[in-house]
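S.K.: Curious how this folds, go ahead:
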Amino acid sequence: MMLVLPFSKYLLLLLLLLLLLLLKKHHTLTKEEAEEFYAEHEGKPFFETLIEYMTSGAVVAMVLSKKEAIAEWRKFLGPTKVSVALEEAPESFRARYGDPENDSHNAGHGSDSEESAQREIQFFFPQLTLEPPTDEEGAKDYLNFSISPTLVRGLSELCKEKPGEPAIWLADWLLKNNPNNNRNNTIRK
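M.R.: Prediction:
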């Protein structure tokens, strides 16, 4: 689970990380929602600035999936403070897209643990039921029967269309043609 402002610029980065985007939702947080989401930071010096930033426009909540997704996503994001990211991880997402004048405007959020991810997913997607991950054989079956047919169709359409930005075109096509959009609201964490 993570949040990014704005979404469209970063979809390609998700593809490059090979993180499976299971769900996304555009939402403008109210002050009360932002305070609830970041309740663990209440009383800290940056809390009010963080709340103002997170309510300044739409956010995109996403549920991402991959083995070790939390660790990989947090490594990709880089240090929480933009100033530290610029110094210690200049190629990181936060160093590239965060506001160097304001450490609270760090361009992205990543859950810090399985427990946080579950809580944050339920915050934005309360209708979802989280299931334990499948075993290796189950994962292969899922790929063969659920992912591959849709991906092959998308790649075929990509070849026919020959768009200028193929990765972004494919990402958009996959989001529009996600067969899970018409299924029950159950995801694997």
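S.K.: Grab the nearest non-local neighbour of residue 51.
M.R.: Sequence neighbours aside, residue 34 is the residue nearest to residue 51 in space, at 4.7 Å (criterion: C-beta to C-beta, 6 or more residues apart in numbering). Any C-beta I mention is one placed from the backbone N, CA and C, and that applies to glycine too.
S.K.: Give me the neighbour count for the one you found.
M.R.: When neighbours are counted by other C-beta atoms under 10 Å, residue 34 registers 20.
S.K.: so what's it up against?
M.R.: Residue 34 makes contacts with 50, 51, 54, 55, as judged by C-beta atoms under 8 Å, 6 or more residues apart in numbering.
S.K.: how about a markdown table for those, with secondary structure added?
M.R.: Below are these laid out as a markdown table (DSSP: H, G, I helix; E, B strand; the rest coil):
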| residue | secondary structure |
| --- | --- |
| 50 | helix |
| 51 | helix |
| 54 | helix |
| 55 | coil |
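S.K.: Just the buried subset of those residues, please.
M.R.: The neighbour count (16 or more other C-beta atoms under 10 Å) marks 50, 51, 54, 55 as buried among those.
S.K.: so can I have JSON lines of those showing distance to residue 26?
M.R.: Formatted as JSON lines, the buried ones among the contacts of residue 34 follow (distance: C-beta to C-beta, whole Å):
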{"residue": "50", "distance to residue 26": "20"}
{"residue": "51", "distance to residue 26": "19"}
{"residue": "54", "distance to residue 26": "14"}
{"residue": "55", "distance to residue 26": "14"}
